[in-house]
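In: Generate coordinates for the sequence data below:
(2 chains)
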Amino acid sequence: MLLLVAIAVSIGGTLISISRLGQLGITGRLADNTTGQVNFTIQNQFSIRFINNAIPFGTGYVNSSSGCQMGTNGSSAPTNDPDGCNGFNATVNTLNLTIENDGNIRANISLNFTANASGFIGGTSPSFQFEVTQGEASSCTTIGNGSAFREVGNLVGSSNSNDTNLTGSRICTNLDYQDATDLLEVGAYISIPQNAASGDHRVTITAIGCDDGTC
Amino acid sequence: MDTNATPAAEQPADLSARTVTTLVILTLVVAFLGAWMNVQQAMTIQAPAPDAGSGTSSAEVSFRIEPPKAPATDASTGFVAFEIRPPE
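Out: Predicted coordinates:
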């Protein structure tokens, strides 16, 4: 009697197993009908990157009490101010930092700077500004801080949209991910006083992306 | 001919009732576990990997200041020479 029960339970368990596996659509059981399934899953991939990650203003010296002013994003090139800027990168005004959303979900973007004008340039009354523009038409739903050239690390006032903290300045809300609309441009402008120290001057800008309100 | 041999139908059973019961219970347990593991394994395969939710990328702005070049200087040497000869 027990043997018959064991056989019955074993056969029953096997049938239930095959039945459930069949419902998942992944078995190769012999088909008794012509229905088939092809399944795939698209995962969300979040990724941002600088596809142009350097603005080299070049090497030169300042020979004017009014200093040397240079900028990217089509602003002033050093050749526009030959008395102040001697040398430097004559074509730097054609450059920008370019951020790309190369994932497949929209991204919010903020910027961190490792230094403001005093730390980056030095001397008397230096200036270090940044500006954010659409890289492609309507790439970013809302450009926040940096919609015009703004001084880096300059707090205009509490909760003022023009504030540009050294860290966490939201520059874009909803940067698109489609190839035709996934670029964002970040320009830079510097004013070097005549008494700025000789040597290398570098500042690192980190773009932070998130798919929520955490950046 | 051996007249003392026991007929086959009268030989005692090879397996006791307890042994049979044990084997049946083991069969039940193994069948149940096998079916359970099959279903669990198949359902595990369906689980998607978690999505990444944030990212960072860095860039650099740089320049180099060199001290103004010193005014150009140059030097050249000329000679003024004469010779004194003794009276002839």
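
In: Do I have it right that A:Ala207 meets A:Cys215?
Out: No - counting by Cβ atoms under 8 Å, A:Ala207 does not reach A:Cys215; the two are 9.4 Å apart. From N, CA and C alone the C-beta is placed, and that goes for glycine too.

In: Packing partners of the helix or strand containing A:Ile51?
Out: Using DSSP states H and E, A:Ile51 falls within strand A:48-52. Here strand A:48-52 touches strand A:97-101, strand A:199-210, strand B:54-65, going by 3 or more Cβ pairs under 8 Å, 6 or more residues apart in numbering or on different chains; DSSP states H and E.

In: Return the most buried member of those strands.
Out: Sort the helices and strands packed on strand A:48-52 by mean neighbour count, taking mean count of other Cβ atoms under 10 Å in any protein chain shown, and strand A:97-101 sits at the top with a mean of 25.

In: Contacts for it next, please.
Out: Contact with strand A:97-101 is made by A:47-55, A:107, A:109, A:135, A:175-177, A:182-188, A:205, A:207, A:209, B:57, B:59, B:61, as judged by Cβ atoms under 8 Å, 6 or more residues apart in numbering or on different chains.

In: Partner strands of the strand holding A:Ile51 and their direction?
Out: strand A:97-101 (antiparallel) (DSSP bridges).

In: Can you check what angle separates the strand it pairs with from strand A:199-210?
Out: Per axes from the mean of the first three to the mean of the last three Cα atoms, to 10 degrees, the angle that strand A:97-101 makes with strand A:199-210 is 20 degrees.

In: Give me the angle between the helix or strand following strand A:97-101 and strand A:48-52.
Out: Per DSSP H and E, strand A:97-101 leads on to strand A:107-113 as the next helix or strand towards the C-terminus. Here the directions of strand A:107-113 and strand A:48-52 differ by 60 degrees (the same axes, to 10 degrees).

In: Show me what strand A:107-113 is packed up against.
Out: Partner elements for strand A:107-113 (3+ Cβ pairs under 8 Å, 6+ apart): strand A:167-175, strand A:199-210.

In: Those strands: lowest mean pLDDT?
Out: Here the lowest mean pLDDT among the helices and strands packed on strand A:107-113 goes to strand A:167-175, at a mean of 91.

In: gap between B:Leu28 and A:Ser127?
Out: 83 Å (Cβ to Cβ, to the nearest Å).

In: likewise A:Ile42?
Out: For A:Ile42, the distance to A:Ser127 - Cβ to Cβ - is 46 Å.

In: Ok, A:Gly58 next?
Out: 18 Å.

In: List the beta-bridge partners for A:Arg202.
Out: What pairs with A:Arg202, by the bridge criterion (DSSP bridges), is B:Ser62.

In: wait, what's in contact with it?
Out: With Cβ under 8 Å, 6+ apart, A:Arg202 has these contacts: A:Phe120, B:Glu60, B:Val61, B:Ser62.

In: Tabulate the residues you listed (JSON lines), appending pLDDT and distance to A:Asn86.
Out: Below are the contacts of A:Arg202 laid out as JSON lines (pLDDT from 0 to 100; distance: Cβ to Cβ, whole Å):
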{"residue": "A:Phe120", "pLDDT": "97", "distance to A:Asn86": "20"}
{"residue": "B:Glu60", "pLDDT": "96", "distance to A:Asn86": "23"}
{"residue": "B:Val61", "pLDDT": "95", "distance to A:Asn86": "20"}
{"residue": "B:Ser62", "pLDDT": "95", "distance to A:Asn86": "18"}
